[in-house]
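K.L.:
Turn this into a model:
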Amino acid sequence: MSGYKSEIKIDIELDENKIPERLKWTAKDGGVEDEITKAMLLSVWDSKKKESLRIDLWTKDMPVDEMKIFFHQTLVAMSDTFYRATQDEKMTETMKDFCDYFAEKLELKQK
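P.N.:
Numbering: from 1, shown residues only. All right, here's what the predicted structure looks like:
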């Protein structure tokens, strides 16, 4: 095992009802320190239970139109990651087709 460790830190400021008001994250190896964000999706794999565990957070001032763009970009990124992890071209193309459909239905501009 290597002696190197890397840390990703997430700070969440909550209101009195435990709703996120402010999210900050740090990943020094990635050049990020105390960056403010309005939304985050974190998934981890529990190999014993064979299931995903997740934390989905967004601040109360996250605009819905930005949330739609965030979801679309996340789905596209997941398609790319799926391909890198599996080399399954057919399913990757199917996922990308869904991403195009998602963007079209939400009337998101393609970039």
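K.L.:
Enumerate every residue touching the nearest residue to W25 once chain neighbours are set aside.
P.N.:
Take W25 and drop its neighbours on the chain: the residue closest to it by C-beta to C-beta, 6 or more residues apart in numbering is I10, 5.0 Å away. Heads up, the C-betas are built off the backbone N, CA and C, glycines and all. Residues near I10 by C-beta atoms under 8 Å, 6 or more residues apart in numbering: 23-25, 40, 42.
K.L.:
what's the pLDDT at I10?
P.N.:
Note on I10: pLDDT of 97.
K.L.:
mind listing the helices for the chain?
P.N.:
64-86, 89-105 (DSSP state H).
K.L.:
wait, which of these is closest to E16?
P.N.:
Nearest to E16, of all the helices of the chain, is helix 64-86, at 23.4 Å by C-beta to C-beta.
K.L.:
what's in contact with the closest one?
P.N.:
Contacts for helix 64-86 (C-beta under 8 Å, 6+ apart): 38-39, 41, 58, 88-89, 91-92, 95-96, 98-99, 102-103, 106, 108.
K.L.:
tilt between it and helix 89-105?
P.N.:
In terms of direction (axes from the mean of the first three to the mean of the last three C-alpha atoms, to 10 degrees), helix 64-86 departs from helix 89-105 by 170 degrees.
K.L.:
Give the buried residues for helix 64-86.
P.N.:
68, 70-72, 76, 79, 83 (16 or more other C-beta atoms under 10 Å).
K.L.:
Now do it, average pLDDT.
P.N.:
Mean predicted lDDT for helix 64-86 stands at 97.
K.L.:
Quick one: distance of it to the chain centre.
P.N.:
Here helix 64-86 is found 7 Å from its chain centre; the criterion is C-alpha atoms, centre = their mean, to the nearest Å.
K.L.:
got it, and stretch 8-16?
P.N.:
16 Å.
K.L.:
Could you find the closest non-adjacent residue to the residue nearest the centre of the chain?
P.N.:
What sits nearest the mean C-alpha location of the chain, by C-alpha atoms, centre = their mean, is L41, with 4.0 Å. In space, and not counting its chain neighbours, L41 is closest to D56: 5.2 Å by C-beta to C-beta, 6+ apart.
K.L.:
This completes my enquiry, with thanks.
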